[in-house]
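Colleague: give me a 3D structure for the following:
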Amino acid sequence: MEIPVSQVLYQGSSRDLEQIADGPPYFLRLRELQFAAPWMQLLAEGNRLIVAAEEWVNKSSGRGSITLFTEDHRGTEIVLQHWYWAIFFPGWTYEEALARFFPWAELSNDEEFYDESDYEHFQEECERYDREDDVHYYHESFAEWKAARDLTVLRPYQNDGEVASWRLTLKLNELGKAFLRIHVYLSEIN
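Modeller: Residues are numbered from 1 along each chain as shown. Here you go, the predicted structure:
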């Protein structure tokens, strides 16, 4: 590669050179899909994939961490990838950011996990405890409490004002299914 003498490198040149090395956005997205192909394959084989994310809610940087894991036949969690450095989504909601981070999957709340957390929120809001009689009273049932809220939207299961915690399940979407078909075709050796 010839570099003219008149071409001066300055402090910001490293970013320009990185962009040249990375290539256009088309190739960056293709590499991201290639990197995720083993996870897509796990989903295609019927395995369960889960995303756990922590969002620092008081930071405008969108800082957080993301962990992708699966479960073995005993329900033991196996970490596939953990991103904890340089996870920033400035100006994005985590719902948008996580969908963009895993463009090959549909995301949904881990219902079983969220049910436990939702029940705790229900108790905080609806429970009254009578110490004299040692009885717990509720002004509505858990089913009524759930029905009055849209709990199907992507949301954190916990938010203490500093960190919002998410736990989502993944399912292959049309992009993921199509990419796997292309990946299998390109990987075949004849």
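
Colleague: where does the protein have low pLDDT?
Modeller: By pLDDT under 70, the low-scoring segments of the chain are 1, 3, 18-22, 86, 190.

Colleague: output the contacting helices and strands for the strand of greatest length in the chain.
Modeller: When the chain is parsed with DSSP state E, its longest strand is strand 163-172. When contacts are defined as 3 or more C-beta pairs under 8 Å, 6 or more residues apart in numbering; DSSP states H and E, strand 163-172 packs onto helix 25-44, strand 49-56, helix 94-101, strand 105-109, strand 158-159. Every C-beta, even on glycine, is put in place using the N, C-alpha and C of the backbone.

Colleague: contacts for the shortest one, please.
Modeller: Looking back up the chat, that one is strand 158-159. When contacts are defined by C-beta atoms under 8 Å, 6 or more residues apart in numbering, strand 158-159 is touched by residues V57, S117, A164, S165.

Colleague: contacts only, for the last one.
Modeller: By C-beta under 8 Å, 6+ apart, the residues touching S165 are A52, A53, E54, E55, P156, Y157, Q158, N159.

Colleague: and those, which are buried?
Modeller: With burial judged by 16 or more other C-beta atoms under 10 Å, the buried subset of these is A52, A53, E54, E55, P156, Y157.

Colleague: is it fair to say the fifth one lies in a strand?
Modeller: No - the assignment for P156 by DSSP: H, G, I helix; E, B strand; the rest coil gives coil, which leaves it out of any strand.

Colleague: you'd agree it is up against A164?
Modeller: Yes - the criterion here is C-beta atoms under 8 Å, and P156 meets it with A164 at 3.7 Å.

Colleague: among the contacts of strand 158-159, name the buried ones.
Modeller: So, of the contacts of strand 158-159, V57, S117, A164 end up buried under the neighbour-count rule (16+ other C-beta under 10 Å).

Colleague: can you lay out those as JSON lines showing distance to L43?
Modeller: As requested, the buried ones among the contacts of strand 158-159 are arranged in JSON lines below (distance: C-beta to C-beta, whole Å):
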{"residue": "V57", "distance to L43": "29"}
{"residue": "S117", "distance to L43": "24"}
{"residue": "A164", "distance to L43": "25"}
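
Colleague: ok, of the residues you listed, which one's closest to F35?
Modeller: When the buried ones among the contacts of strand 158-159 are compared for distance to F35 (C-beta to C-beta), A164 wins out at 26.2 Å.

Colleague: surely the closest one is in contact with V57?
Modeller: Yes - counting by C-beta under 8 Å, V57 is a contact partner of A164 at 5.0 Å.
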